[in-house]
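*Asks:* this one's structure only:
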């Protein structure tokens with residue numbers, strides 16, 4: 001705790017993030033689990049890699065510890081099926097099948113002193129999903 005009368009100097013955040021990446025429905029699925037502290041990724045599990053990877057000295061230590069536990073690692077390796085594929089029908093309408101049409105605007109950019117000559121047309125396409 002801070003000394004009497006002193007305030008904390010910053011906000012520290014510990015976060016676990018779990019992601020499922022679906023490629024071509026459930027044909028190719030990737031499970032990613034990230035552990036973050038104070039906006040810095042400590043360690044990550046990727047089902048395509050099959051084990052934890054550390055990104056800081058502390059992250060390397062916890063990744064080594066987790067990787068040495070066979071039961072824990074089996075649980076993580078099967079998460080692609082038990083977590084991602086199992087919940088596909090629930091999340092697909094909100095993620096995989098989500099479509100947002102683009103917002104398009106065209107505007108005239110007048111010539112400037114640094115770039116003389118005719119004006120230019122600027123076409124902006126924003127706020128759409130998926131990116132492709």
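*Replies:* Everything's here; your move. Computed from a predicted model, the values in this text were never measured in an experiment.

*Asks:* contacts and neighbour counts: CA atoms only from here.
*Replies:* Fine.

*Asks:* got any ranges where the chain has weak pLDDT?
*Replies:* Along the chain, segments meeting pLDDT under 70 span 1-10, 96.

*Asks:* From residue 58, how far off is residue 35?
*Replies:* Look at residue 35 and residue 58: by Cα to Cα, to the nearest Å, they are 11 Å apart.

*Asks:* Which neighbours do those two have in common?
*Replies:* The overlap between the contact sets of residue 35 and residue 58 (Cα atoms under 8 Å, 6 or more residues apart in numbering) consists of residue 42.

*Asks:* ok, those two, which is more surrounded?
*Replies:* Neighbours per residue (other Cα atoms under 10 Å) separate residue 35 from residue 58, with residue 35 holding more: 18 against 12.

*Asks:* can you confirm the more buried one is in a strand?
*Replies:* Yes: assessed by DSSP: H, G, I helix; E, B strand; the rest coil, residue 35 belongs to a strand.

*Asks:* partner residues bridging it?
*Replies:* Per DSSP bridges, the residues bridged to residue 35 are residue 16, residue 43.

*Asks:* That one: what's it in contact with?
*Replies:* Residues in contact with residue 35 (Cα under 8 Å, 6+ apart) are 14-17, 41-44.

*Asks:* buried subset of these?
*Replies:* 41-44 (16 or more other Cα atoms under 10 Å).

*Asks:* ok, those vs residue 24, which is closest?
*Replies:* Of all these, residue 24 sits closest to residue 44, with 23.9 Å by Cα to Cα.

*Asks:* List the buried residues of the longest helix anywhere in the chain.
*Replies:* With DSSP state H setting the assignment, residue counts place helix 57-67 as the longest helix in the chain. By 16+ other Cα under 10 Å, the buried positions in helix 57-67 come out as 59-64, 66-67.

*Asks:* how about JSON lines for those residues, with distance to residue 79 added?
*Replies:* Compiled in JSON lines, the buried residues of helix 57-67 are given as follows (distance: Cα to Cα, whole Å):
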{"residue": "59", "distance to residue 79": "21"}
{"residue": "60", "distance to residue 79": "22"}
{"residue": "61", "distance to residue 79": "22"}
{"residue": "62", "distance to residue 79": "19"}
{"residue": "63", "distance to residue 79": "17"}
{"residue": "64", "distance to residue 79": "19"}
{"residue": "66", "distance to residue 79": "15"}
{"residue": "67", "distance to residue 79": "15"}
